[in-house]
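1. Just to be clear, the model below is a prediction. Sequence and coordinates:
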Amino acid sequence: MKSLGSIRRSFAPWNDPQARPFISFRNVTKRFGDFTAVDDLSLDIHEREFFALLGASGCGKSTLLRMLAGFEHPTSGAILLDGQDLAGIPPYRRPVNMMFQSYALFPHMSVEANIAFGLKQDGMPKPQIEARVKEMLKLVRLEQFARRKPHQLSGGQRQRVALARSVAKRPKVLLLDEPLGALDKKLREATQFELMDLQQELGLTFLVVTHDQEEAMTMADRIAIMDRGKVMQVATPAEVYEAPASRFVADFVGNVNILEGTVSERSGDAATITGASGAQIRVENAGAAAAGSAVAFAIRPEKIRVSSRRPEGAANVMEGEIWDLAYLGDMTVYHVRLADGQVVKASALNSSRTVDDPLSWEDRAWISFAPDAGVVLTR
Amino acid sequence: MARAIETTTGGEAAARAGAQAGEGPGTRLAAALASRFVILVPYLWLLFFFLVPFGIVFKISLSHTAIAMPPYTPVLGLGEGLAGLFAGLRELSFENYLWLVDDALYLNAYVSSVVIAAVSTLLTLVVGYPLAYAMARAPGSLRPVLLMLVILPFWTSFLIRVYAWIGILKPEGLLNQFLMWVGVIDTPLLIMNTHTAIFIGIVYSYLPFMVLPLYATLEKMDFSLIEAAQDLGCPPMSAFWKITFPLSLPGVVAGCLLVFIPAVGEFVIPDLLGGSQTLMIGKTLWNEFFANRDWPVASAVAIILLLILVLPIMFFQRAQARAQEQER
């Protein structure tokens, strides 16, 4: 059986209808004055899941996180954690901890004291606190910085202190607000994998808010794509990328070509889509698109092949002209201008060092793709 | 990528070094002289308007009272040549300081001044802290207005504002009239000419000096720290004492010293509101100078007062230096 994406996941409680969700947002709405930050949103998150809320700034993702932490209260709707309604429970009594975007480390306390802060609040006996702090310092590899103050640490070290402080209490859920936003690119990539390992090791439920799709794709089991206070799609990274539910999601995640047209023929799962200029696209996965309806055909650049001669035996072939070219090292990006004027982006992995028939600007070129390479979008 | 950045910064540094070398020694000397001159101006100011008057007062404190113009001897001068000047210097003595120790009046006045100033400072802190906190948490658009309201009283004379308090606090004053009209009390409260009146006067007059430094530190504070503390299980009141208050300590220290130091030597408020019963060093000083016409003892009182105040001022500067170190 064919699978979306290259990773097989054994952990997928969201596919089990018997599984009880761990966190439930039920018809949650949050308004600030006339502004609706979260709009009648429902969402289920399972235990031990690494869940990402992805969206542009102002889409309501941070508000959602802050409502779960208890800093904001829903205007209407309910938030349930492990079956318990959180309404009326103040932040300091909720079994969730948050890692703040600014890290919010206490500047007048040492690294140790920062990590021990939450444990002291719980009245944990001193020897146990010391043991837990030591364990946390080891976990984030900051043993020799225990007595330093936050301002004596680098950005990456501060991030790790914030992480250690927020997991020290072993919360049921760890909330991460743009956890890697303040780090540089290299460090960010390394830390992504560290966070994933940490989540596996501690067996906690992670809920991360981010505007960085690569971050969400790398780390999360499932992603919720948000726009203007609503959830547009909740799915695994592969599903979000390979089977977006709408034009918005297809466009928001990664690069995409969107070709508008109408379904001119339908038989079983297959269909033919005819564009305004008469160009026809044959697809094998038309889904729910009814005959005669206006649809969008979305295809990712790497699914399109560009060649200097007309390819034989391809299901879909279109002729055009090389409009723009970019060599990025690991791959080459082509912008091909079709006969009707639309520019299609295509990319090719440079899997060998030499190429037989290199293309140049204004060359005649053909693009081709398989009948299941794209998706038909009705929304 | 990282290497590319390094090369650019390296190139910039080289360019800057080249530019500096191109300026030549003449311009550099002029710049050095100019910067010396800039430092010189405040030093000269301090010399003429602080150190020289201080020296004069110190000299008077070592002189003897005399019924003359000026009312002390010796009057040092070069009128009788250098020998006369040395003869005058030999006459100076510390007897006025011994007198201050002999008469319990002065010690009592110092102690009572420090106690009154300390209590008023504490009261000002208790009143000023919530005010500054509320200002720091107020919406950004409202803050300039609130700041303006704190500074507004400075637009009228300090003396007039203290006189106004007489009108409010006296037995038939506004406060008593109001309380009796409401029916809270039957007989007027005697606030005028008590320590309470002095406390009210000092708290009222010095409140801006407390609020402004407190506001400055609280406004800089990242309030997500409070959220972090609550998130980690700390109730709001406890979060205040564990996070907000320790972080606002530089402001607390600055505010307290700005109130305490002038309050110790305060003369107008105890004189107008405290009546004849209160003993404060500012009033004692005034009496020595103008009622007793004993300039040498008055000067000695002033010098000792200065010594008492130098300690908290030094403490203040140390605290400030430490706070700056922390921020770096």
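-> Here it is on my side, so go on. Numbering: from 1, shown residues only, chains lettered A, B, ... in the order given.

2. contacts for stretch B:75-86?
-> Stretch B:75-86 is contacted from outside by B:Lys59, B:Ala87, B:Gly88, B:Leu89, using CB atoms under 8 Å, 6 or more residues apart in numbering or on different chains. Every C-beta, even on glycine, is put in place using the N, C-alpha and C of the backbone.

3. Name the nearest of those residues relative to chain A.
-> Of all those, chain A sits closest to B:Lys59, with 47.5 Å by CB to the nearest CB.

4. Surely the closest one is in contact with B:Leu89?
-> No: assessed by CB atoms under 8 Å, B:Lys59 is found out of contact with B:Leu89, at 9.3 Å.

5. Those two - which one has more neighbours?
-> Higher neighbour count among B:Lys59 and B:Leu89: B:Lys59, with 18 against 12, using other CB atoms under 10 Å in any protein chain shown.

6. Can you tell me which helices and strands the helix or strand the more buried one falls within packs against?
-> Assigned by DSSP states H and E, B:Lys59 falls within helix B:52-61. Contacts defined by 3 or more CB pairs under 8 Å, 6 or more residues apart in numbering or on different chains; DSSP states H and E place helix B:52-61 against helix B:295-327.

7. can you list the residues of the stretch 201-328 of chain B near chain A?
-> B:222, B:224-225, B:227-236, B:238, B:243, B:246-247, B:326, B:328 (CB under 8 Å from any CB of the partner chain).

8. Let me see the domain layout of chain A.
-> Following automatic domain parsing, one finds the domains of chain A at A:13-250, A:255-377.

9. Redo those domains as TSV? Include mean pLDDT and distance to B:Gly26.
-> As requested, those are exported to TSV (pLDDT from 0 to 100; distance: least, CB to CB, whole Å):
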stretch	mean pLDDT	distance to B:Gly26
domain A:13-250	90	42
domain A:255-377	87	53
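
10. Looking at the ones you listed, which is nearest to B:Cys256?
-> Nearest to B:Cys256, of all those, is domain A:13-250, at 18.8 Å by CB to CB.

11. Distance from that closest one to the middle of the chain?
-> 14 Å (CA atoms, centre = their mean, to the nearest Å).

12. Can you give me the end-to-end span of it?
-> For domain A:13-250, the first-to-last residue distance is 25 Å (CA to CA, to the nearest Å).

13. Ok, stretch A:332-349 next?
-> Across stretch A:332-349, first to last residue, CA to CA, it's 7 Å.

14. Which residues outside that stretch are in contact with it?
-> Here stretch A:332-349 has contacts from A:255, A:257, A:259, A:275-277, A:279, A:301-302, A:304-306, A:318-326, A:330-331, A:350, A:359, A:365, A:367, using CB under 8 Å, 6+ apart.

15. Any quick ChimeraX command for the buried ones out of those residues?
-> In ChimeraX, a selection of the buried entries from those looks like this (16 or more other CB atoms under 10 Å in any protein chain shown):
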select /A:257,259,275,279,301,302,304,305,306,318,320,322,323,325,359,365,367
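
16. Which of the contacts of stretch A:332-349 fall within strands?
-> A:257, A:259, A:305-306, A:318-326, A:331, A:365, A:367 (DSSP state E).

17. quick one, phi/psi of A:Asp44?
-> As for A:Asp44, its main-chain torsions (degrees, to the nearest 10) stand at phi -120, psi 130.

18. Run a quick neighbour tally on it.
-> 19.

19. Which residue, other than its chain neighbours, is closest to the residue of the stretch 201-350 of chain A at minimum distance from chain B?
-> Using CB to the nearest CB, the closest approach of the stretch 201-350 of chain A to chain B is made by A:Gly329 at 12.7 Å. Using CB to CB, 6 or more residues apart in numbering or on different chains and skipping the chain neighbours, the partner closest in space to A:Gly329 is A:Asn350 (7.3 Å).

20. Tell me if I'm right that that neighbour and A:Pro358 touch.
-> No: with contact defined as CB under 8 Å, A:Asn350 does not count as touching A:Pro358 (11.3 Å).

21. just the strands in the stretch 51-200 of chain A please.
-> With DSSP state E, counting those that start in this stretch, the ranges of strands along the stretch 51-200 of chain A come out as A:76-81, A:84-85, A:96-99, A:173-177.

22. which other residues reach the third one?
-> Contact with strand A:96-99 is made by A:65, A:68-70, A:81, A:118, A:162-163, A:165-167, A:169, A:171-177, A:179, B:227-228, B:231-232, as judged by CB under 8 Å, 6+ apart.

23. if we go to 7 Å?
-> Contacting residues not belonging to strand A:96-99 are listed as A:68-69, A:162-163, A:166, A:169, A:171-177, A:179, B:231-232 [CB atoms under 7 Å, 6 or more residues apart in numbering or on different chains].

24. what packs against the helix or strand where B:Met237 lies?
-> Secondary structure assignment for B:Met237, by DSSP H and E: helix B:236-239. With contacts defined as 3 or more CB pairs under 7 Å, 6 or more residues apart in numbering or on different chains; DSSP states H and E, helix B:236-239 has these neighbours: helix B:224-231.

25. What parts of the stretch 1-150 of chain A come near chain B?
-> A:69, A:71, A:91-92, A:97-98, A:100, A:102, A:104, A:106-108, A:117-118, A:121-122 (CB under 7 Å from any CB of the partner chain).

26. Among those, which one has the most neighbours?
-> Counting by other CB under 10 Å, top hit in the residues of the stretch 1-150 of chain A next to chain B: A:Met98 with 29 neighbours.

27. which secondary structure elements does whichever helix or strand comes after the helix holding B:Lys59 contact?
-> Following helix B:52-61 in sequence order, the next helix or strand is strand B:64-65 (DSSP H and E). With contacts taken as 3+ CB pairs under 7 Å, 6+ apart, strand B:64-65 sits against strand B:72-73.

28. got the angle for the next helix or strand after the strand it packs on vs helix B:52-61?
-> Going down the chain from strand B:72-73, the next helix or strand is helix B:81-91, by DSSP H and E. Put simply, helix B:81-91 runs at 70 degrees to helix B:52-61, going by axes from the mean of the first three to the mean of the last three CA atoms, to 10 degrees.

29. Can I get helix B:81-91 as CSV, trimmed to CA atoms?
-> Below are the C-alpha coordinates for helix B:81-91, written out as CSV (Å, rounded to 0.1, in the frame of the first residue of the first chain):
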residue,chain,number,x,y,z
GLY,B,81,50.4,89.5,57.3
LEU,B,82,51.2,85.8,57.4
ALA,B,83,52.0,85.8,61.1
GLY,B,84,48.5,87.2,61.9
LEU,B,85,47.0,84.4,59.8
PHE,B,86,48.9,81.7,61.7
ALA,B,87,48.0,83.3,65.0
GLY,B,88,44.4,83.1,63.9
LEU,B,89,44.7,79.5,62.9
ARG,B,90,46.1,78.6,66.3
GLU,B,91,43.0,80.0,67.9
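
30. what does the very next helix or strand once past that helix rub up against?
-> Remark: after helix B:81-91, the chain's next helix or strand is helix B:95-102, criterion DSSP H and E. Contact partners of helix B:95-102, identified using CB under 7 Å, 6+ apart, comprise B:Ser61, B:Tyr106, B:Pro296, B:Val297, B:Ala300, B:Val301, B:Ile304.

31. number of nearby residues for the fifth one?
-> It refers to B:Ala300. 27.

32. With the last one instead?
-> Residue crowding around B:Ile304 was assessed by other CB under 10 Å; the count is 17.

33. how much space between it and B:Val264?
-> According to CB to CB, to the nearest Å, B:Ile304 stands 11 Å off from B:Val264.

34. now swap in the second one and tell me
-> Using CB to CB, B:Tyr106 is found at 14 Å from B:Val264.

35. now for the residues of the stretch 1-150 of chain A next to chain B, which pair is the farthest apart?
-> A:Ser102 and A:Asp122, at 24.2 Å, using CB to CB across those.
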